[in-house]
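Novice: here is my input, please return the structure:
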Amino acid sequence: MAARRNKSTPAARAEREFLSEAEEILERMRDDLALCLESATADEEIAPDVLNRLFRSAHSLKGLSGLFGLGALAELTHRTEDLLDAWRLGRARVTADGLALFEEAVALFGRALEQLAAGALAPGFADAVAQLLARIDAWRSGAPAPQAATGDALDAPPALLRALTEYEEHRLRENLQRGRAIYVITAVLELASFEERLSEIGTALREVGELLSTLPSPGDGNPGEIRFALLAATDLDAATLARRLDLEPSAIHTARAGTRSAAPASPRRAAAQPVAKPSASPAAAPAVGEPDIALADRPGSPREATDADAATLRSISDTVRVDIRKLDELMNLVGELAQERGALAAFARKLAADTHAAKLGAELDKIHKALDRKLQDLQASVIEVRMVPLRQVFDKLSRVARRLKLDLGKNAQLEIKGADTELDKLIVEQLVDPLMHIVRNAFDHALESAQERVAAGKPEHGHVRIEATQRGNDVVISVADDGRGIDTARVRARAIERGLISADAQLTQRDLLDLVFAPGLSTRSEVTETSGRGVGMDVVRANVSALGGIASIDSTLGKGTVVTLTLPITLAIIQALVVGVGGERYAIPLNSVREVLIPEPDALQRSGSRELLALRGEALPVLRLREEFSVTSGAASADKPFAVILGLGDARLALLVDRLEGQRDSVIKPIQGPVRSVRGVAGATELGDQAAVLVLDVAALVSSAVGAGLRSEAA
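Specialist: Predicted coordinates:
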């Protein structure tokens, strides 16, 4: 970040992400710091949740700073994290001087973000950080020690007390010093719903006091029950607490009765105790260019706002986080503008054809072309805003893979490539479940145990590779493993057993592999927690098809399997080819159109009940759109139909239509009404002439053609 980068480079985008994330965290810290200062002013104890949030925020800032090589900022946040950790664990008492130093650290980090947004950190910034850190060290060396825990023993199970963390021990001491009653609550909950009930009890306890610890508790009980021991502090008596928690009085055991003694010294009182003042050290001089921040300047003695104060109120990052629904609305508006642009072009052509208005038509055509260029730029910008990297999904899959390795006890390596490939945000969100199914199958079903792999002459460690690449207007995601592969003989036997195909069906290797996507078909003989129920791959295909994509599978027995998902980059504004059949018109997403041709009569052939198109030595399945949608209106162009070659991944289909009506920009909108789902229809769009047409679901049509081929072979 030493110099301002080109805004379109990956480094510049990463810098903007850093500034946006850091500023958001810093705003949370400022809000929580304000709560701390309010508590200090009112002589109240600072809520432990506030200190915990501040600690987590400082930890996040430290990680971000270290990731981007900002050593001075990383050191600053590291030391403030240590300070907050000491406060939250009770190793040091919160004082006004300590809060003032922490406030200076927050202000210094804010100025650092401003400098980074302007280009680079100021030359004297590292010195300012060093001076502030020296003052923090000087304060910590003389900070008042926390009060010792009371010597009164608690009437609580020793195992429960031994299991307390350092933070929980500190909170127990604080509540004892406040004179609160300490209770051990035994909750026996039904195993099927214990999470919800335990959460209810915890919420109720926090409303009347503090939940210090929760641990599973041994004890005899029914097999369908689980027992928990909760350590809590409150000012309520045992009977009242039992009613608030909806528990039997016998479930509440008093570990120590409340004494209601005076609360411990607040940060404001603690400031009066003798401490090593920061000014006692030569390093205590204010950092260069820093305002003098002290708690005494707060309530009661307002000071004039300085330029530095005003600067901290300005936003640093130029990044805005936007609800995806707002982007959807914006995309719809842009799409409607694109449709109006088409209507304007048609009107310009009409004027140009009129001899009396030809001049006006020419002028209007110039305006239309200028509008067209600007609208295309706007359309591309809106689509770019919706694009996010697949890394968001791949990072989740990495965590799933680590968990599967532990649960299944398999040595396997997950390799990820193309994580920066971008897709529409809505598509990325819907990809999580399909990819999760595929990765689980790869680890549980495909990869052999270490002993099996060694016996088969393979490396002991298995390998799963997830790779994403962009191909034109599509993104192809493949999940490959070097496992046992798919035994197509077993797939065939299981398909015959389930009545999916006949015993004498003649199927190719690809056809047999495609049966893996059939509902309920699994070659796994046993059921595990991960797979083997025959549910999964059919869900993958259904979900991918709903996104306008297609799923395919390839496998070699003994060597491995590759599952490939082909998806459109966006489902927002699309370019569509408008075709006609009889008196009806349909829109086909242009990114699925490979070519358009007029086939020779002898190129259309039949094989059984299947119609095929011979194209450059390959036989493509044929689908006549008139027959698919039972169109009866209008005359058919049977002599010279147009063949629109559709393609998704490696699968291709020849769609026969009567006529071509040109290319249009379209926004796919869902069909409303009693019938919302029609096979082969993805939605509807409006053309420039105000006419609504159906948008074809290419993935469904291709899958339908493949399925028809399988049924034909099975007949």
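
Novice: ok, for the spatially most central residue of the chain, nearest residue in space, not its chain neighbours?
Specialist: Closest residue to the average C-alpha location of the chain: residue 392 at 5.4 Å, with Cα atoms, centre = their mean. Distances taken as Cβ to Cβ, 6 or more residues apart in numbering put residue 428 closest to residue 392, at 6.0 Å, once the chain neighbours are dropped. For every residue, glycine as well, the C-beta is placed using N, CA and C.

Novice: got the phi and psi for the one you found?
Specialist: Dihedral pair for residue 428: phi -60, psi -40, per degrees, to the nearest 10.

Novice: thought it was touching residue 395?
Specialist: No: contact criterion Cβ atoms under 8 Å: residue 428 and residue 395 do not qualify, at 11.7 Å.

Novice: neighbour count: these two, which is higher?
Specialist: residue 428 (20 against 12; other Cβ atoms under 10 Å).

Novice: contact partners for that one?
Specialist: 388, 390, 392-393 (Cβ atoms under 8 Å, 6 or more residues apart in numbering).

Novice: which of those fall within strands?
Specialist: Per DSSP state E, strands hold the following members of the contacts of residue 428: residue 388.

Novice: in CSV: the contacts of residue 428, plus pLDDT and distance to residue 559.
Specialist: Conversion of those to CSV gives the following (pLDDT from 0 to 100; distance: Cβ to Cβ, whole Å):
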residue, pLDDT, distance to residue 559
388, 84, 34
390, 89, 26
392, 78, 31
393, 85, 27
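
Novice: show the pLDDT at the closest residue to residue 163 other than its chain neighbours.
Specialist: Using Cβ to Cβ, 6+ apart and skipping the chain neighbours, the partner closest in space to residue 163 is residue 215 (5.7 Å). Here the pLDDT value assigned to residue 215 is 83.

Novice: so where is the stretch 1-150 of the chain shaky, pLDDT-wise?
Specialist: 1-10, 13, 143-150 (pLDDT under 70).

Novice: isn't residue 214 up against residue 206?
Specialist: No: Residue 214 is beyond contact range of residue 206, at 11.9 Å (criterion: Cβ under 8 Å).

Novice: these two: who's more crowded?
Specialist: residue 214 (18 against 13).

Novice: so what's the more buried one bridging to?
Specialist: Residue 214 has these beta-bridge partners by DSSP bridges: residue 230.

Novice: enumerate every residue touching it.
Specialist: 198, 202, 228-231.

Novice: for residue 187, see how far away it is.
Specialist: Distance, residue 214 to residue 187, by Cβ to Cβ, to the nearest Å: 9 Å.

Novice: now do the shared contacts for those two.
Specialist: 198, 228-230.

Novice: looking at these, spot the one nearest residue 139.
Specialist: Nearest to residue 139 out of the shared contacts of residue 214 and residue 187 is residue 230 (Cβ to Cβ; 37.1 Å).

Novice: what about that closest one, how many residues nearby?
Specialist: Applying other Cβ under 10 Å, I find that residue 230 has 23 neighbouring residues.

Novice: pretty sure it contacts residue 185?
Specialist: Yes: if you go by Cβ under 8 Å, residue 230 and residue 185 touch, sitting 4.3 Å apart.

Novice: now do the shared contacts for these two.
Specialist: residue 201.

Novice: skipping its backbone neighbours, what lies nearest residue 378 in space?
Specialist: residue 334 (6.0 Å).

Novice: in a helix, that's where the one you found is, yeah?
Specialist: Yes: the assignment for residue 334 (DSSP: H, G, I helix; E, B strand; the rest coil) places it in a helix.

Novice: OK, contacts around it?
Specialist: Contacts of residue 334 by Cβ under 8 Å, 6+ apart are 375, 378-379, 382, 573, 667.

Novice: tell me the pLDDT of it.
Specialist: 79.

Novice: repeat for the one 3 residues further on
Specialist: The score at residue 337 is 80. That number is its pLDDT.

Novice: picking up where we left off before, ok, the residue nearest to residue 378 to residue 693 distance?
Specialist: From residue 334 across to residue 693, the span is 19 Å (Cβ to Cβ).

Novice: residues making contact with stretch 693-701?
Specialist: By Cβ under 8 Å, 6+ apart, stretch 693-701 touches 544-545, 548-550, 576, 578, 585-589, 592, 623, 628, 646, 648, 653, 655, 666, 668, 679-687.

Novice: again with stretch 246-255
Specialist: By Cβ under 8 Å, 6+ apart, stretch 246-255 touches 154-156, 181-188, 201, 231, 238-239, 241-242, 245.

Novice: repeat that for 7 Å
Specialist: 154-156, 181-187, 238-239, 241-242 (Cβ atoms under 7 Å, 6 or more residues apart in numbering).

Novice: likewise for stretch 390-405?
Specialist: Counting by Cβ under 7 Å, 6+ apart, 412, 414, 416, 419-421, 423, 428, 431-432, 435-436, 439-440, 443, 466, 468 sit against stretch 390-405.

Novice: do that again at 10 Å, thanks
Specialist: 389, 410-414, 416-423, 425, 427-432, 434-436, 438-440, 442-444, 447, 462, 464, 466, 468, 475, 477, 479, 530 (Cβ atoms under 10 Å, 6 or more residues apart in numbering).
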